[in-house]
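# attaching a predicted model along with its sequence, questions to come.
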Amino acid sequence: MSLIDPPRMRRMIVHRGRVVLEWPATAGRRSGADLIGRTEPFVPRREPRESDTLLQQLADTVGGAATLRNLHDRPLTAMPPVPAGGAAAAELLADIAAQWFPQEASIALRTALALADRRDPALATDFSPALLAASICWAVGHANGLLGPRRAATQRDVLTRLGIDGYISQQGHRVADALRPLGMPEPLSPWSTFGRAEQPVLRLLRLGRPGLLISSVRRDLIALRDHALAVHSEG
């Protein structure tokens, strides 16, 4: 007797990559009624709704769904102390804020300087005061939508005032990494893409730190959150 059984042929019907009906080849034909009775209904996969995607992107921007739910638009008022060894960079940041940005931005910049100094102390030695100030402006400025062709200033304006020639996006990303909360899930992209032309919040750098966002930006984020929640509740 052969140790290998002869192959068992089967007939099957495949619908959209899934076997919906099969039977031995010797069983004869199956009727249409039998096919209808044995085939499970095809349930298409639901694509994420636009409101779900928007809420996730907003949560990434401010540091999580819980933070998004409790987000407020009160102005920043507490100016943190200058970190040790950061006096020169702090002075440059204050000059840039006075030149182009609202008062709240000077608080956000100083807060970012103090936070970056705690999270990545080597920044103070790896970067000159001008490069450190420029990198913090890059991160906080892009997180608040303050830098750009139709914004208060361009990145080139800031670099020119600081006497820096070239590009600093690599250094800016290092500062941004230092500013993000520990354990914050890495977003699919560090840049939000939910903004439309008619919306004031466009392509912000995601830092996950609402304390680094000025009140007008948080107000816009809250408006988008409330709109997305209303659309979501409507189904």
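Cool, the structure landed.
# give me the neighbour count for Asn144.
As a burial measure, Asn144 scores 26 neighbours (other Cβ atoms under 10 Å). Just so you know, the C-beta spots here come from the backbone N, C-alpha and C atoms, and that holds for glycine as well.
# what do you get for Ser128?
By other Cβ under 10 Å, the residues close to Ser128 number 15.
# and for Gly211?
Gly211: 17 surrounding residues under other Cβ under 10 Å.
# and it, how far is that from Thr111?
Noted for Gly211: a distance of 6 Å to Thr111, by Cβ to Cβ, to the nearest Å.
# could you tell me which residues touch both of those two?
By Cβ atoms under 8 Å, 6 or more residues apart in numbering, Gly211 and Thr111 have these common neighbours: Leu76.
# buried residues of the helix or strand harbouring Ala66, list them for me.
In this assignment (DSSP states H and E), Ala66 forms part of helix 65-69. Buried positions in helix 65-69, judged by neighbour count with 16 or more other Cβ atoms under 10 Å: Thr67, Leu68.
# now do it: distance to the chain's middle.
14 Å (Cα atoms, centre = their mean, to the nearest Å).
# so what secondary structure elements neighbour that helix?
Counting contacts by 3 or more Cβ pairs under 8 Å, 6 or more residues apart in numbering; DSSP states H and E, helix 65-69 packs against helix 50-62.
# what's the mean pLDDT across the helix it packs on?
What helix 50-62 shows for mean pLDDT is 84.
# okay, buried residues for it please.
Ser51, Leu54, Leu55, Gln56, Gln57, Leu58, Ala59, Asp60, Thr61, Val62.
# and the gap between the fourth one and Ala139?
The one in question is Gln56. For Gln56 relative to Ala139 (Cβ to Cβ), the value is 22 Å.
# do the same with Arg180
Distance of Arg180 to Ala139, given as Cβ to Cβ: 10 Å.
# what about these two, which has more around it?
A count of neighbours by other Cβ under 10 Å puts Ala139 above the other of Arg180 and Ala139, at 27 against 19.
# contacting residues around the helix or strand containing the more buried one?
Assessed by DSSP H and E, Ala139 sits inside helix 129-143. Where contact means Cβ under 8 Å, 6+ apart, the residues beyond helix 129-143 that reach it are 86, 88-89, 92-93, 96, 101, 105, 108-109, 112-113, 116, 123-124, 127, 146-147, 153, 155, 158-159, 162-164, 168-169, 171-172, 174-176, 179, 204-207, 209, 212-213.
# same deal with stretch 215-234?
49-52, 54-55, 58, 61-62, 68, 71-76, 102, 104, 144-145, 194, 199-201, 204, 210, 213.
# ok so, going back, what is in contact with Arg180 and Ala139 at once?
Leu207.
# filter the contacts of helix 129-143 down to the ones in helices?
Here DSSP state H is the test, and these give 88-89, 92-93, 96, 105, 108-109, 112-113, 116, 123-124, 155, 158-159, 162, 169, 171-172, 174-176, 179 as lying in helices.
# for Gln171, give its distance to Ala112.
To Ala112, Gln171 is 13 Å away according to Cβ to Cβ.
# which one's more surrounded, those two?
A direct count of neighbours by other Cβ under 10 Å for Gln171 and Ala112 places Ala112 higher, at 26 against 20.
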